[in-house]
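A.B. asks: predicted model and sequence below, questions to follow.
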Amino acid sequence: MLFGILVNEGPYQHQASDSAYLFAKAAIEEGHKIFRVFFYHDGVNNGTRLATPPQDDRHIPNRWSELAAEHEIDLVLCVAAAQRRGMVDPDEMKRNKKDADNIAEKFRISGLGQLIEAGVQTERLITFGD
Amino acid sequence: MEEELESGVVKKFLYINRRAPHGTVYAHEALEVVLIGAAFEQDVSLAFIDDGVFQLKKDQDTSEINTKNFSKIFSALEMYDVEKLYVEKESLESRGLTEDDLSVDVKVIDSAEMKKLITDSEVIFNF
Amino acid sequence: MLHTVNKSPFEKNSLETCLRLIDESSSILLIEDGVYGALKNTSVSDSVINAQKTTKIYVLGPDLKARGLDKSSLISNIEVIDYKGFVNLTIENEKIQNWL
């Protein structure tokens, strides 16, 4: 089965990102494929490279990067939501003349069309939010 | 502008709106998905349930809270060929609203019809 | 169809709306704070028991356990599943509605 996952909330604030991650992991363990995880609304904050959670707690952004690296998952932050919330990759940094970028490994910023495409191309789209 | 899909697959998309406008960002950002999604030529319906019905209330004026009055976009949806807007009758009535309070043409349907709309949809977006 | 509900019925009306708009042949999976909807002897238990006449209800075990609950706290005939079960439910059901 080919899955698409939509994450509507940021790390730690809501359980959404955790639930999405655990679902993705279980799906992979069952032999399924994740086409894309699309992050919208505050969900774009999952893509930060600058989080420093306590040592004894899970590192939500890094966990996504590692899962994506191991299983070739496309992690996409919505560009409009990212711009509003200050999530910046090197291209956006140049384009919008910012003095820094802050995207974690394996995340990329792209348009809402990537979410629509996930809806069309996958067999199941699961949403985690508030 | 987003690239269109070559595949020719058309699915029944349903955007479910259950939140009031302005208190949170969901209503506004959901509409942005609808607008971008319009280019992908899917079979699109919008459902307004619970507080989502408030998104369609006439006469919204955000000038004193300084936020974007995205409610105007609803009247432009027709231009994007997004014409199937359904409002749940029970949600309207329990909030003291009637169809006359709404800013665009919608189809008011009861819970049984809304149930069918949901069951018939293939890809459902919730924000 | 598979419906998921992730909010407590005491916080938000998501479970109530789900029960109003769910088709008879569907199933419900309660996740995150939604698991509180499966508790027995609450003000919403009757509406859930009533829904069970036509709808199969599941609860996500890890979320129950996190909240200090187990099967004995729940309405009867609610199946506790894990994330593997969650994945399988999404495979078995062609369509999914995630109530937030």
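C.D. replies: Structure received.
A.B. asks: which residues sit in contact with the nearest residue to B:Glu29 once chain neighbours are set aside?
C.D. replies: Excluding its sequence neighbours, the residue lying closest to B:Glu29 (C-beta to C-beta, 6 or more residues apart in numbering or on different chains) is A:His41, at 5.7 Å. C-beta coordinates here come from the backbone N, C-alpha and C atoms, glycine included. Listed by C-beta atoms under 8 Å, 6 or more residues apart in numbering or on different chains, the contact partners of A:His41 are A:Asn8, A:Glu9, A:Ala81, A:Gly129, B:Val25, B:Tyr26, B:Glu29, B:Phe127.
A.B. asks: next one: A:His41 from A:Thr127, what distance?
C.D. replies: 11 Å (C-beta to C-beta, to the nearest Å).
A.B. asks: got it, and A:Leu67?
C.D. replies: Distance, A:Leu67 to A:Thr127, by C-beta to C-beta: 18 Å.
A.B. asks: can you report how many residues lie near whatever residue of chain A ends up closest to chain B?
C.D. replies: Closest to chain B within chain A is A:Gly113: 2.9 Å, counting by C-beta to the nearest C-beta. Residues near A:Gly113, counting by other C-beta atoms under 10 Å in any protein chain shown, number 20.
A.B. asks: and B:Glu99, by the same measure?
C.D. replies: 13.
A.B. asks: just the contacts of A:His41: which are in helices?
C.D. replies: Among these, the ones falling in helices (DSSP state H) are A:Ala81, B:Tyr26, B:Glu29.
A.B. asks: dump those residues into JSON lines; add distance to C:Ile91, neighbour count and pLDDT as well.
C.D. replies: Shown next, in JSON lines, are the ones in helices among the contacts of A:His41 (distance: C-beta to C-beta, whole Å; neighbours: other C-beta atoms under 10 Å in any protein chain shown; pLDDT from 0 to 100):
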{"residue": "A:Ala81", "distance to C:Ile91": "30", "neighbour count": "22", "pLDDT": "98"}
{"residue": "B:Tyr26", "distance to C:Ile91": "29", "neighbour count": "23", "pLDDT": "98"}
{"residue": "B:Glu29", "distance to C:Ile91": "30", "neighbour count": "19", "pLDDT": "98"}
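A.B. asks: closest to chain C out of these?
C.D. replies: B:Tyr26 (8.8 Å).
A.B. asks: give the contact list for that closest one.
C.D. replies: Per C-beta under 8 Å, 6+ apart, neighbours of B:Tyr26: A:His41, B:Arg19, B:Phe127.
A.B. asks: which of the helices or strands spans C:Asn50?
C.D. replies: Per DSSP states H and E: C:Asn50 is located in helix C:45-51.
A.B. asks: give the buried residues for that helix.
C.D. replies: C:Ser45, C:Val48, C:Ala51 (16 or more other C-beta atoms under 10 Å in any protein chain shown).
A.B. asks: contact partners for whichever residue of chain A sits closest to chain C?
C.D. replies: Nearest residue of chain A to chain C: A:Ala26, at 3.8 Å (C-beta to the nearest C-beta). Contact analysis of A:Ala26 by C-beta under 8 Å, 6+ apart lists C:Asp82, C:Tyr83, C:Lys84, C:Phe86, C:Val87.
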